[in-house]
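1. okay, predicted coordinates and the sequence, questions at the end:
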Amino acid sequence: MADTKVKAASKKTTASNGAAAAKANGKAATTGGQPDPVMPGTDAPEMGASGTDLSQEAKAGTNFPKETYLRWYEQMQLMRKFEDKAGQLYGQQKIKGFCHLYIGQEACVAGQVSALEKGDKYITAYRDHAHPLALGTSPNAVMAELFAKATGCSKGKGGSMHMFDKEVGFMGGHGIVGGQVPMGAGIAFAEKYNKTGKLCICSMGDGAVRQGALHEAFNMAMLWKLPVIFVIENNGYAMGTSVQRTSNVTDLYKIGLSYDMPSEPVNGMRVEDVHEAVARAAERARAGEGPTLLEFKTYRYKGHSMSDPAKYRTKEELEDYRHRDPIEAVRHTILTNNMATEADLEAIDERVKGQVAESVEFAETSPYPTPDELYKDVYVQEDYPYIHD
């Protein structure tokens, strides 16, 4: 997983030629009345109702080996089926509190993990279940955390929005909007200070770019040339409000240009594009050239959280994006290029279903934290005073 770095032929995609592509295209496509988050000028695999890729892209070959595609497929299926099950369990009130699902955005995480190295750090906001799953955290530990059980990856104290797994480099989901941005810069500072050769990739939603701390972090990161990759997961809506209603700058990657930060838009529905963009940014970071801002133009199929009916968008818009599903695109590339058979992929699907079923059983049978856990993990110093009376 994270310890395997895959190299592919580099495709030079910059902010300038991204803008040129948009100009050549005339204007961004629209879907269901909203501007299309897929990059203008980029032909995303357009999936028909039958699940058949209507483009010729998959038939044209690929720069990645079959092992990479099969790993992407399994990772993204695990994210999807895990989140589907989490949604069901939330409806049954077995999962309480807040719950933000990642369904539709799986390529954003899968492409990051394949492009980076073991020891690199990841930090994100509260839509955070998929990140540890892709990095290798046991689905049992992630599901148990959703159940607030002691066997969870945060010992049942974090729940859906505050998952951590230091062992795989996941520095947490964070509930304060934009709060992880300066923290991501701080983690990168530590990596540079300690001369580890590693970096931090910091993900945020499109709503987080309106936070003032982002600008302070961007300025410091550029000034000190920190090894950090900032990622905006632009799924079109900050909670229930479209980007067009909340930001004068709707091409959010352009915010980085104010700081002379290398910045570019990326088709977040294509895992290949995500991998290549992150690999380029990582190369710059490790060379001491500082941060990069990537805007992943993606889409979430569910509402902002489980309590969101998503009435602010049309059924037609949602269906249009389902037709370019990132998992189906990978599946079709695998089959078209004879990397695996239908039976091989069905075997992966069954294996993933088994993992998810096992995680539910594990979570349901695990104990809740004992009351004394309230006083633990508050400070690193175990005998720190004033925790008790």
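-> Perfect, I can see it now.

2. mind showing which ranges of the stretch 51-200 of the chain have poor pLDDT?
-> For the stretch 51-200 of the chain, the stretches with pLDDT under 70 are 51-62.

3. quick one: the strands in it, in order.
-> 121-124, 170-173, 200-205 (DSSP state E, counting those that start in this stretch).

4. so which of these is nearest L374?
-> L374 lies closest to strand 170-173 among the strands of the stretch 51-200 of the chain, at 19.6 Å (Cβ to Cβ). All C-beta atoms are positioned from the backbone trio N, CA, C, and that covers glycine.

5. so what does the closest one touch, helix or strand wise?
-> Strand 170-173 sits against strand 121-124, helix 130-135, helix 180-193, with contacts defined as 3 or more Cβ pairs under 8 Å, 6 or more residues apart in numbering; DSSP states H and E.

6. so how far is the helix ranked longest in the chain from its chain's centroid?
-> Taking DSSP state H as the criterion, the chain has its longest helix at helix 66-91. Counting by Cα atoms, centre = their mean, to the nearest Å, helix 66-91 is centred 13 Å from the centre of its parent chain.

7. against H323, how distant is E316?
-> Distance of E316 to H323, given as Cβ to Cβ, to the nearest Å: 11 Å.

8. ok, the two, which is more surrounded?
-> Set side by side, E316 and H323 show more neighbours around H323, with 17 against 10, by other Cβ atoms under 10 Å.

9. what segments of the stretch 101-250 of the chain are helices?
-> 106-115, 130-135, 139-146, 180-193, 212-223, 243-246 (DSSP state H, counting those that start in this stretch).

10. confirm Y368 sits in a helix?
-> No - under DSSP: H, G, I helix; E, B strand; the rest coil, Y368 sits outside any helix and is assigned coil.

11. possible to save the strands of the stretch 51-200 of the chain as a markdown table with distance to Q88 and mean neighbour count?
-> What follows is the strands of the stretch 51-200 of the chain, written out as a markdown table (distance: least, Cβ to Cβ, whole Å; neighbours: other Cβ atoms under 10 Å):
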| stretch | distance to Q88 | mean neighbour count |
| --- | --- | --- |
| strand 121-124 | 23 | 27 |
| strand 170-173 | 21 | 24 |
| strand 200-205 | 24 | 26 |
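
12. CSV for these, including distance to A329?
-> Below are the strands of the stretch 51-200 of the chain laid out as CSV (distance: least, Cβ to Cβ, whole Å):
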stretch, distance to A329
strand 121-124, 23
strand 170-173, 26
strand 200-205, 21
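
13. nearest to G87, of the ones you listed?
-> The closest of those to G87 is strand 170-173. By Cβ to Cβ, the value is 17.2 Å.

14. give me phi/psi at L199?
-> phi -140, psi 170 (degrees, to the nearest 10).

15. before we move on, the earlier item: tabulate the helices of the stretch 101-250 of the chain (JSON lines), appending mean neighbour count and distance to L199.
-> Formatted as JSON lines, the helices of the stretch 101-250 of the chain follow (neighbours: other Cβ atoms under 10 Å; distance: least, Cβ to Cβ, whole Å):
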{"stretch": "helix 106-115", "mean neighbour count": "28", "distance to L199": "11"}
{"stretch": "helix 130-135", "mean neighbour count": "27", "distance to L199": "15"}
{"stretch": "helix 139-146", "mean neighbour count": "26", "distance to L199": "24"}
{"stretch": "helix 180-193", "mean neighbour count": "21", "distance to L199": "6"}
{"stretch": "helix 212-223", "mean neighbour count": "18", "distance to L199": "11"}
{"stretch": "helix 243-246", "mean neighbour count": "14", "distance to L199": "27"}
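
16. could the ones you listed be laid out in CSV, adding distance to V266?
-> As requested, the helices of the stretch 101-250 of the chain are exported to CSV (distance: least, Cβ to Cβ, whole Å):
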stretch, distance to V266
helix 106-115, 9
helix 130-135, 17
helix 139-146, 26
helix 180-193, 18
helix 212-223, 18
helix 243-246, 16
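
17. ok, which of those comes nearest H162?
-> Among these, helix 139-146 comes nearest to H162, with 8.5 Å by Cβ to Cβ.

18. now do that closest one and helix 66-91, the angle between them.
-> 30 degrees (axes from the mean of the first three to the mean of the last three Cα atoms, to 10 degrees).

19. the nearest residue to F230 once chain neighbours are set aside: how many residues sit nearby?
-> With sequence-adjacent residues excluded and distances taken as Cβ to Cβ, 6 or more residues apart in numbering, F230 is closest to L293, at 4.7 Å. L293 is flanked by 27 other residues according to other Cβ under 10 Å.
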